[in-house]
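K.L.:
how would this look folded up:
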Amino acid sequence: MSKKVLMLSSSPRQGGNSDVLCDEFMKGALEVGNEVEKIFLKDKQINYCTGCSVCSMYGKPCPQKDDAAEVVEKMIAADVIVMATPVYFYTMCAQMKTLIDRCCARYLEIKDKEFYFIVAAAESEIRMMERTIDGFRGFLDCLEGPVEKGVIYGVGAWKVGEIKDKSAMQEAYRMGKDV
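P.N.:
Purely as a prediction, here's the structure:
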């Protein structure tokens, strides 16, 4: 059965290591017949949450006029969400965290989804990436019925393209095929 897969690439540079891992995952997911869309967050205007409480206290749509509502709508419509980030100071990048924060207005509608996480970092120890993954898991803890399906640890890649020589490339491709 074909699934609707949404890839959220939060690298500030297209072709960055986490973005390259996204492409490998996408390649595998497409090969087995899934419908895949990749959103490069850098190309979207997503403002910070202002804490105005219009969504949380009054149940109204976020008053900000940016691309966040479009991205969140696609998250709601997807069967599978892949969240990819470069790791900066052992946590996700600002682009990804900003999107997560902007899910506040409709996070209860992001339910029964399968999630994959992709991280890329210069750090070579996988255990050091767990803080970043814990941030993603904190988001999932707020959702209804999420299922974490896999994590791809793209470690030991500092410069653009260094990930291409790492085993994470094959892992991303295989996980994509297993969607």
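K.L.:
Now do the helices in the protein.
P.N.:
Applying DSSP state H to the chain gives helices spanning 17-31, 54-58, 68-77, 94-102, 130-141, 168-177.
K.L.:
any chance of the ones you listed in TSV, with distance to residue 160, mean pLDDT and mean neighbour count too?
P.N.:
Just so you know, the C-beta spots here come from the backbone N, C-alpha and C atoms, and that holds for glycine as well. Output for those, formatted as TSV (distance: least, C-beta to C-beta, whole Å; pLDDT from 0 to 100; neighbours: other C-beta atoms under 10 Å):
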stretch	distance to residue 160	mean pLDDT	mean neighbour count
helix 17-31	7	98	23
helix 54-58	37	90	13
helix 68-77	25	98	17
helix 94-102	17	98	19
helix 130-141	19	98	16
helix 168-177	14	98	20
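K.L.:
what residue lies at the spatial centre of the chain?
P.N.:
residue 83 (1.3 Å; C-alpha atoms, centre = their mean).
K.L.:
And the contacts of stretch 169-176?
P.N.:
Residues from elsewhere that reach stretch 169-176 (C-beta atoms under 8 Å, 6 or more residues apart in numbering): 20-22, 24-32, 116, 118, 149-150, 152, 154, 163.
K.L.:
hmm, 10 Å instead?
P.N.:
Stretch 169-176 has contacts (C-beta atoms under 10 Å, 6 or more residues apart in numbering) with 5, 7, 17, 20-32, 34, 36, 80, 82, 84, 116, 118, 149-154, 163, 166.
K.L.:
re earlier: which one of the helices of the chain lies closest to residue 109?
P.N.:
helix 68-77 (4.8 Å; C-beta to C-beta).
K.L.:
what does that closest one contact?
P.N.:
4, 6, 8, 37, 39, 41, 44-49, 61-62, 81, 83, 98-99, 101-111, 113, 143.
K.L.:
List buried residues within those.
P.N.:
6, 8, 39, 41, 44, 46, 49, 62, 81, 83, 98-99, 101-107, 110, 113, 143 (16 or more other C-beta atoms under 10 Å).
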